[in-house]
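Q: Sequence isn't available, so here's the structure alone:
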């Protein structure tokens, strides 16, 4: 298994590869961070279905069935994936500061651990 910040492996793949190990180790912070980052990447790849796709068709004329409404997903560059993960880290760091100010140090520590998991995969110290 490659190191979390191994540049020869795409970031998304490193995140996906780390998830089973985090699940097995029952590391809640890592599982939460990895799932969230992977979901954010998947959401960025999604393509909006045009509103006019079925407009004007009677219900019996609309296409139904598995895959009928499928469209090809966007292909993200390595830089775009990295930006998404960096945004996830920044979001957690901001949340940690907010929790600190609210006196919720336990929750602040949790989201800081999540940020650290993602930072490790980015190769950040």
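A: Received, thanks. Not measured: the values here are computed from a predicted model.
Q: and the longest helix along the chain, what does it pack onto?
A: Under DSSP state H, the helix in the chain containing the largest number of residues is helix 78-101. The contact analysis (3 or more C-beta pairs under 8 Å, 6 or more residues apart in numbering; DSSP states H and E) places helix 78-101 against helix 11-25, helix 28-45, helix 105-122. For the C-beta atoms, the positions are set from N, CA and C on the backbone; glycine is no exception.
Q: what about it, average pLDDT?
A: Helix 78-101 comes out with an average pLDDT of 97.
Q: Check stretch 18-30 too.
A: The average pLDDT for stretch 18-30 rounds to 96.
Q: contact partners of it?
A: With C-beta atoms under 8 Å, 6 or more residues apart in numbering as the test, stretch 18-30 has contacts from 1, 4, 31, 34-35, 38, 110, 113-114, 117, 121.
Q: returning to that earlier point: got the angle for the longest helix of the chain vs helix 11-25?
A: 50 degrees (axes from the mean of the first three to the mean of the last three C-alpha atoms, to 10 degrees).
Q: tell me the angle of helix 78-101 relative to helix 105-122?
A: Going by the same axes, to 10 degrees, helix 78-101 is angled at 160 degrees with respect to helix 105-122.
Q: hmm, who's touching helix 78-101?
A: Applying C-beta under 8 Å, 6+ apart, the contact partners of helix 78-101 are 10-12, 15, 33, 36-37, 40-41, 44, 76, 105, 107-109, 111-112, 114-115, 118-119, 121-122, 124.
Q: rerun at 7 Å
A: Contacting residues not belonging to helix 78-101 are listed as 10-12, 36-37, 40-41, 44, 107-108, 111-112, 114-115, 118-119, 121-122 [C-beta atoms under 7 Å, 6 or more residues apart in numbering].
Q: before we move on, the earlier item: okay if I get the contacts of stretch 18-30 as a markdown table plus distance to residue 23 and neighbour count?
A: Converted to a markdown table, the contacts of stretch 18-30 look like this (distance: C-beta to C-beta, whole Å; neighbours: other C-beta atoms under 10 Å):
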| residue | distance to residue 23 | neighbour count |
| --- | --- | --- |
| 1 | 14 | 10 |
| 4 | 16 | 18 |
| 31 | 6 | 20 |
| 34 | 9 | 26 |
| 35 | 10 | 14 |
| 38 | 13 | 18 |
| 110 | 17 | 18 |
| 113 | 16 | 17 |
| 114 | 15 | 26 |
| 117 | 13 | 23 |
| 121 | 16 | 24 |
